[in-house]
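Undergrad: only the shape, not the letters, is given here:
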């Protein structure tokens, strides 16, 4: 690939804009950014939902990783414009920051984090492989310089020597979070994720190793952190969405099991084979998007295997499992599994215990291993103060980890149990858990 000396700074003859419901307009003037957007690897993100199975709980949550990636780019573009007046900001890192912001989610698979749990993939690792591999994205970045793809990948992987640029995209107050909180709130129709982003951007300052916040902007950051807390517990951890993940997980688990046993599929899962065998190339990974996954699930409804057919049908047609709070204090998970077996219901596919947790804000202190960089306030005299030491609101949530667990099961199958004693025992147990 021949390097074009002028390509790094080349501007479009006319600015391109994307109309956006969160930022109003997303502005593109750099030829490099425009060329990256047009690559097939970036266009694939149109076919990956931002919120996985959350559309099963919030019907309008159908937006994509493409939307979000453009939004993160736009926020970083505005950060860079604001930072230009400060000597701590190196203008030479402008294109690096914009490219990393745009491409930060390039490696997400279908249904995002749910997909990672099933097939043990890592979207950040695949983002790096796509950027450094034989891809159109790599060709565009390599036109800037031979080293530029590795630079962009190292920012996304948080290994680049420039910690300031990393913090713009990945920190406890970054462009990624600021976009997804507002975007996800908009598309789910809630107000939890709203905060004064204009104010937050105005009080951000570049320092040698991180973004810092002007002391007068503390209250805007309080609002941002509380918005994040509410979005996680009211939206991202919604039990109906988690129930969709459970069904998807179980259906693909069954398909993998059948493949390993030599089952004769009516609709052979050609594009899943590398994932079942855990021997995945970048080309394999890019070939699989949500359109492909949904095609297989709809076809598998007609399979001879009753479990795969049933689980696929439940997912496609939103016939979700019921759920109950479950902490193991009344009965253990193993005891419930034994009751399911006694009732003739396979607990490997019709019983699922799901736990989730979140910590809205914390920071690394001596003796701790959480590896979280703090949010720093910069005072008028230039001194930095960790934000929870200055804010009673943030102090109240610092280091506080909230954990919840749910038990998912098919109520209809329990009602169909023929052994009345077992049926009564299970129903009484589930009523007690409720």
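TA: Arrived safely. Note that the structure is predicted; figures quoted are calculated from it, not measured.

Undergrad: which elements pack onto whichever strand or helix holds residue 154?
TA: In the assignment (DSSP states H and E), residue 154 maps to helix 148-156. Applying 3 or more C-beta pairs under 8 Å, 6 or more residues apart in numbering; DSSP states H and E, we find helix 148-156 packed against helix 94-103, helix 123-132, helix 136-144, helix 163-169. From N, CA and C alone the C-beta is placed, and that goes for glycine too.

Undergrad: give me the mean pLDDT for that helix.
TA: Mean pLDDT, helix 148-156: 98.

Undergrad: again, but for stretch 176-184
TA: Stretch 176-184 carries an average pLDDT of 97.

Undergrad: contacts for that stretch, please.
TA: For stretch 176-184, contacts defined as C-beta atoms under 8 Å, 6 or more residues apart in numbering pick out 21-22, 50-51, 61, 63, 67-68, 71-72, 74-75, 104, 169-170, 193-195, 197, 200, 224, 227-228, 231, 235-236.

Undergrad: could you pick out the longest strand of the chain?
TA: Longest strand of the chain, by residue count under DSSP state E: strand 11-20.

Undergrad: so how far is that strand from its chain's centroid?
TA: Relative to its chain's centre, strand 11-20 lies at 27 Å (C-alpha atoms, centre = their mean, to the nearest Å).

Undergrad: what residues of the very next helix or strand once past it count as buried?
TA: Per DSSP H and E, the first helix or strand lying C-terminal to strand 11-20 is strand 24-30. By neighbour count on 16 or more other C-beta atoms under 10 Å, the buried set for strand 24-30 is 26-28, 30.

Undergrad: strands paired with strand 24-30, and their directions?
TA: Counting by DSSP bridges, the strands paired with strand 24-30 are strand 11-20 (antiparallel).

Undergrad: need the residues that contact the helix or strand harbouring residue 339.
TA: In the assignment (DSSP H and E), residue 339 maps to helix 333-342. With C-beta under 8 Å, 6+ apart as the test, helix 333-342 has contacts from 346-347, 350-351, 353, 407, 409, 419, 422, 425-426, 429.

Undergrad: any quick PyMOL command for the buried ones out of these?
TA: A single PyMOL command selects the buried members of the contacts of helix 333-342 (16+ other C-beta under 10 Å):
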select buried, resi 347+350+351+353+407+409+422+426+429
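
Undergrad: which of the contacts of helix 333-342 fall in helices?
TA: If you go by DSSP state H, the contacts of helix 333-342 have 347, 350, 422, 425-426, 429 in helices.

Undergrad: quick one, what contacts the closest residue to residue 243 other than its chain neighbours?
TA: Leaving out its chain neighbours, the residue that sits closest to residue 243 by C-beta to C-beta, 6 or more residues apart in numbering is residue 320, at 4.4 Å. Residue 320 makes contact with 56, 240, 243-244, 247, 314, according to C-beta under 8 Å, 6+ apart.

Undergrad: that older thread, how big is the angle separating the helix holding residue 154 from helix 136-144?
TA: 110 degrees (axes from the mean of the first three to the mean of the last three C-alpha atoms, to 10 degrees).
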